[in-house]
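Participant: Predicted model and sequence follow; I will ask about them next.
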Amino acid sequence: MTCFGACGCYPGKRRGSSRRGAHWRIFTLKELQAATNNFNYDNKLGEGGFGSVYWGQLWDGSQIAVKRLKVWSTKADMEFSVEVEILGRVRHKNLLCLRGYCVEGQERLIVYDYMPNLSLLSHLYGQFAAEGLLDWPKRMTIALGSGEGIAYLHHLATPRIIHRDIKASNILLDSDFEARVADFGFAKLIPDGATHVTTRVKGTLGYLAPEYAMWGKASESCDVYSFGILLLELISGKKPIEKLEHGVKRSIVEWASPLLVEGKVKEIVDPKLKGMYDEEELQRVVHVAMLCAQIAPEKRPNMVEVLEMLKGKARNVEMSSVEKDDKVQHESECAGVGDEISNEKTRPAVGDEISNGNETMQNSVN
Ligand SMILES: Nc1ncnc2c1ncn2[C@@H]1O[C@H](COP(=O)(O)OP(=O)(O)OP(=O)(O)O)[C@@H](O)[C@H]1O
């Protein structure tokens, strides 16, 4: 794919191609205005840090979701470029498919496949929560599918990609409740041979790996940590950070750990499931989640190992290997817990310190 660099250049090429043929193209503003009834409020699907997302229908009848940049700024333009560049490179059944983009004047729009079941967040706590559509088999499908999508980014994409914002609102669900990992505005390309990049912290509190939240050290293992939090959220229906009395905050890991240690795994399960779950799968998911959410990045499994364990193909690592009294604090104990740490975005590798594993080998997680 042509450069979408911080220089602001956009591809001359009008279509993205893969071995299977073109999968994205450039849209005109007029086309997207027509598809979304001029970005009508009734077409609005949701709103994020980047801007609003609208449902639309193209002339051929296909349904699309159009993300429209709220306010133009260099930083917002960079986020747009990162998302388009990265989505244009990847193709996997568990990643949200890029249909194309539009750049006209200060308008920046990204066009995706429309996901009729919206986000995982909308089913756990949002507009679909009351409908109770997420039964146990669907939750397992979502866990495995989102894991497959992340594993593809870490192990099959070239260069490797870290997402940096794995969370329930970024897991979209297609008509069969298959998961699609979305929102690549914070993603980073990891140069070959690098163990991690040191960068400004982006992402969402509650999901941030401690070494990343505190020192900006980003690697695949940060996504693994976030995935662990997502797994706990998926099976418990609890938010990553809970507000208790007197302003005290508790992370989902701090809530689940004692239950696991005391052998009360069943108490972790979402009451909305009304006891309808597979006990063996539950044990597996909880153990994997806790392994992923360990404080020390080198102790976390990689995504290939995560998937093997989730599928029951690998022996679960004993919980004795999970840290119980680490000195580093989980995020809920860190200062400034809020919603999102920053909406400011950076280009991959611009101004970031890249470690090639020499002086930082002790931090290697690969
Ligand atoms: N392809 C899509 N199909 C259906 N709904 C979508 C699609 N993309 C986004 N949405 C909806 O729009 C909402 C906003 O998405 P967006 O990615 O802009 O923000 P977010 O992830 O909720 O927050 P933030 O960007 O601040 O992290 C999503 O939560 C989802 O409900």
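Facilitator: Looks like it arrived, so ask away.
Participant: Now residue 155: closest residue in space, sequence neighbours ignored.
Facilitator: Closest residue in space to residue 155, ignoring its immediate chain neighbours: residue 304 at 6.0 Å, by Cβ to Cβ, 6 or more residues apart in numbering. Backbone N, C-alpha and C define where each C-beta goes, glycine included.
Participant: Checking that neighbour next. Helix, strand or coil?
Facilitator: For residue 304, the assignment made with DSSP: H, G, I helix; E, B strand; the rest coil gives helix.
Participant: And the contacts of the helix or strand where residue 149 lies?
Facilitator: Secondary structure from DSSP states H and E places residue 149 in helix 136-155. Outside helix 136-155, the residues that touch it by Cβ atoms under 8 Å, 6 or more residues apart in numbering are 90, 92-95, 120, 134, 160-163, 166, 171, 173, 177-181, 187, 220, 223, 227, 230-231, 234-235, 273, 276-278, 281, 285, 302-304, 306-307, 310-311.
Participant: how does it look with 7 Å?
Facilitator: 90, 92, 94-95, 120, 160-161, 163, 166, 171, 177-181, 220, 223, 227, 230-231, 234-235, 273, 276-278, 281, 285, 302-304, 306-307, 310-311 (Cβ atoms under 7 Å, 6 or more residues apart in numbering).
Participant: what helices or strands is the following helix or strand past that helix leaning on?
Facilitator: Sequence-wise, the next helix or strand downstream of helix 136-155 (DSSP H and E) is strand 160-162. Secondary-structure packing of strand 160-162 (3 or more Cβ pairs under 7 Å, 6 or more residues apart in numbering; DSSP states H and E): strand 188-190, helix 220-236.
Participant: Backbone dihedrals for residue 180, both of them.
Facilitator: The phi/psi pair for residue 180 (degrees, to the nearest 10) reads phi -130, psi 120.
Participant: Neighbours of it, how many?
Facilitator: For residue 180, the count of nearby residues is 23 (other Cβ atoms under 10 Å).
Participant: Beta-bridge partners for it, please?
Facilitator: residue 172 (DSSP bridges).
Participant: For it, give me its contacts.
Facilitator: Shown in contact with residue 180 (Cβ under 7 Å, 6+ apart): 94, 95, 96, 115, 149, 172, 174.
Participant: Now with 6 Å, please.
Facilitator: 94, 96, 172 (Cβ atoms under 6 Å, 6 or more residues apart in numbering).
Participant: pLDDT score for it?
Facilitator: Residue 180 is assigned 98 on the pLDDT scale.
Participant: what's the burial count for whatever residue of the stretch 151-300 of the chain ends up closest to the ligand?
Facilitator: Nearest to the ligand in the stretch 151-300 of the chain, going by Cβ to the nearest ligand atom, is residue 169, at a distance of 3.7 Å. By the criterion of other Cβ under 10 Å, residue 169 has 18 neighbours.
Participant: Nearest residue to it in space, please, no chain neighbours.
Facilitator: Here the residue nearest residue 169, using Cβ to Cβ, 6+ apart, is residue 121, at 4.1 Å.
Participant: what about that neighbour, which helix or strand?
Facilitator: helix 120-124.
Participant: If we go by neighbour counts, what in that helix is buried?
Facilitator: 120, 121, 122, 123, 124 (16 or more other Cβ atoms under 10 Å).
Participant: any idea of the mean pLDDT in it?
Facilitator: Mean pLDDT, helix 120-124: 97.
Participant: Make a markdown table out of the helices and strands packed on strand 160-162 and add mean neighbour count.
Facilitator: Shown next, in a markdown table, are the helices and strands packed on strand 160-162 (neighbours: other Cβ atoms under 10 Å):
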| stretch | mean neighbour count |
| --- | --- |
| strand 188-190 | 23 |
| helix 220-236 | 26 |
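Participant: Grab the most central residue of this protein for me.
Facilitator: Centroid-nearest residue in the chain, with Cα atoms, centre = their mean: residue 166, separated by 2.2 Å.
Participant: Close to the ligand: what parts of the stretch 101-250 of the chain are there?
Facilitator: Counting by Cβ under 6 Å from any ligand atom, the residues of the stretch 101-250 of the chain lying close to the ligand are 112, 114, 115, 118, 119, 122, 169, 170, 172, 182, 183.
Participant: Which residue is the nearest non-sequential neighbour of the second one?
Facilitator: Closest residue in space to residue 114, ignoring its immediate chain neighbours: residue 63 at 3.9 Å, by Cβ to Cβ, 6+ apart.
Participant: and what of the third one?
Facilitator: Taking Cβ to Cβ, 6+ apart as the measure, residue 115 lies nearest to residue 172, with 4.0 Å between them; neighbours along the chain are not counted.
Participant: so what pLDDT did the one you found get?
Facilitator: The model's pLDDT for residue 172 equals 98.
Participant: ok, so what distance separates residue 31 from residue 77?
Facilitator: Computed as Cβ to Cβ, to the nearest Å, the residue 31 to residue 77 distance reads 21 Å.
Participant: More neighbours: which of those two?
Facilitator: Counted by other Cβ under 10 Å, residue 31 and residue 77 do not tie: residue 77 has more neighbours, with 19 against 16.
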